[in-house]
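Engineer: Got a predicted model here, sequence first, then my questions.
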Amino acid sequence: MLIGRVIGEVIASHKHESYEGLSVMLVQPLELDGSPRGVPMVAVDAVGAGTGQLVLFAPEGYCAMTAVNRLQTPIDTAILGIVDHLDLRLDLLTK
Amino acid sequence: MLIGRVIGEVIASHKHESYEGLSVMLVQPLELDGSPRGVPMVAVDAVGAGTGQLVLFAPEGYCAMTAVNRLQTPIDTAILGIVDHLDLRLDLLTK
Amino acid sequence: MLIGRVIGEVIASHKHESYEGLSVMLVQPLELDGSPRGVPMVAVDAVGAGTGQLVLFAPEGYCAMTAVNRLQTPIDTAILGIVDHLDLRLDLLTK
Amino acid sequence: MLIGRVIGEVIASHKHESYEGLSVMLVQPLELDGSPRGVPMVAVDAVGAGTGQLVLFAPEGYCAMTAVNRLQTPIDTAILGIVDHLDLRLDLLTK
Amino acid sequence: MLIGRVIGEVIASHKHESYEGLSVMLVQPLELDGSPRGVPMVAVDAVGAGTGQLVLFAPEGYCAMTAVNRLQTPIDTAILGIVDHLDLRLDLLTK
């Protein structure tokens, strides 16, 4: 899983029918210090996250389909949680 | 999932028999500003996308097979939607 | 899926027993202009491809196992088709 | 699988309900000489690992769900073991 | 699948119980000319490979679990064969 911030939504009127009722969000993966890690990704929302929130998300299909409980829906990334904070010991990074 | 543009088609007369009736497209992944992200990929079309269109696609096998409803067909990338536009807050990228 | 060229074969007398009867090929992934993309990969052949041929292949396990119809055989990449040509609109790459 | 060190924990009060009772840890992947390899990842703990420990972990969904015996829980990375030491022949690296 | 050389073993007394009886090896992926390709990986052995041997291995979970015939064991990389030699036409690389 990765930590990221929701930065927007994808509007697609013509999409796979099984997507009905799902929100497709744009998520920017983040480093632990909050700076961007790589480029934004597209993820289906499983927990009611909104634009601007810090989230836990998983970029893998079976995992993502499980998250929204739709194993017949083609999804490869899903938002799984809204992050409160990270309990982190940076001194261990270089040990 | 990723955002990309359909830029062509792969013509392969000798291919896995289970591919009958499927279109194999070339898709250029895009950054959110529309510039190319990495190199073009090969994807099976699940929504009737045409060359030139902006699409939502997923580079993962189980997800792609689900998209065309052929779990016995070897596919690892599929086009899932035609994108109208992105509702995006770029100011959140550096927060 | 990716486009590549078969450049050789892996000879392994001592291998997983379920591999019996399968050819293990070396495939060089290619850019759309025919130049090499990254490094060669090892793939099981599902369509009778030979050294020198341009092929469509998939670097994913479930997809590859499906391609040779052996879901009990550990395979993570398979050759799925022999490519005739690419029908490509390069002008769309920078739109 | 990869070798890494647990460097902290993710605190997320609002998360997928099936996560109840699971610890979500931050793991820094390591090179064989103990220096950092890439950026930290988020992993569910399957063996009771604590912050500071050297661990074996797997960044793949089906594997991770199997590790915690919850195939209905969306997880894509799990900690699988606590590493005692590596029995390593570095001279073979350049042969 | 990739070609690599076994360079050592991971000793982990406290690991997932389903790992009983499996060897966890360190494998250095190789280029076709025998030079290192990226960094070493951790793989479960499915064919009795020893340190120093040239091997065929697969970095994917379902494939790896299939290789050792343990679909309930969390594994994401497995050694599948011991390589005798590569039958290679390097002249095709730049065609």
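Structural biologist: In hand now; what should we look at?
Engineer: Remind me what the strand ranked longest in chain A packs against, helices and strands.
Structural biologist: Longest strand of chain A, by residue count under DSSP state E: strand A:2-11. Packing contacts for strand A:2-11, counted by 3 or more Cβ pairs under 8 Å, 6 or more residues apart in numbering or on different chains; DSSP states H and E, involve strand A:24-29, strand A:54-58, strand B:85-88, strand D:41-45. C-beta: built from backbone N, CA, C; applies to glycine.
Engineer: Which element, helix or strand, includes the residue of chain A found nearest chain D?
Structural biologist: In chain A, no residue comes nearer to chain D than A:G81, which is 3.1 Å away by Cβ to the nearest Cβ. In the assignment (DSSP states H and E), A:G81 maps to strand A:78-82.
Engineer: near chain B, anything from that strand?
Structural biologist: No. Contact of strand A:78-82 with chain B is not found when judged by Cβ under 8 Å from any Cβ of the partner chain; the minimum separation is 10.2 Å.
Engineer: do stretch A:56-76 as well
Structural biologist: Yes. Using Cβ under 8 Å from any Cβ, stretch A:56-76 reaches chain B at A:E60, A:G61, A:Y62, A:A64, A:M65, A:L71, A:Q72, A:T73, A:P74, A:I75, A:D76.
Engineer: who in chain A is up against chain C?
Structural biologist: Counting by Cβ under 8 Å from any Cβ, chain A has no residue next to chain C.
Engineer: circling back to that earlier point, what pairs with the strand holding A:G81, and is each one parallel or antiparallel?
Structural biologist: Strand A:78-82 pairs in its sheet with strand A:41-45 (parallel), strand A:54-58 (antiparallel), strand D:14-15 (antiparallel), by DSSP bridges.
Engineer: mean pLDDT for these: which is lowest?
Structural biologist: Least confident of the strands paired with strand A:78-82, judged by mean pLDDT, is strand D:14-15 with a mean of 83.
Engineer: just how off-centre is that strand within its chain?
Structural biologist: Counting by Cα atoms, centre = their mean, to the nearest Å, strand D:14-15 is centred 21 Å from the centre of its parent chain.
Engineer: cool, stretch A:36-44 as well?
Structural biologist: On Cα atoms, centre = their mean, the centre of stretch A:36-44 falls 8 Å from that of its chain.
Engineer: ok, the closest residue to chain C within chain A - contacts?
Structural biologist: Across chain A, no residue is closer to chain C than A:Y62, which sits at 9.5 Å (Cβ to the nearest Cβ). Applying Cβ atoms under 8 Å, 6 or more residues apart in numbering or on different chains, we find A:Y62 in contact with B:Y62, D:G61, D:Y62, D:M65.
Engineer: The same query, at a cut-off of 7 Å, please.
Structural biologist: A:Y62 makes contact with B:Y62, D:G61, D:Y62 under the criterion Cβ atoms under 7 Å, 6 or more residues apart in numbering or on different chains.
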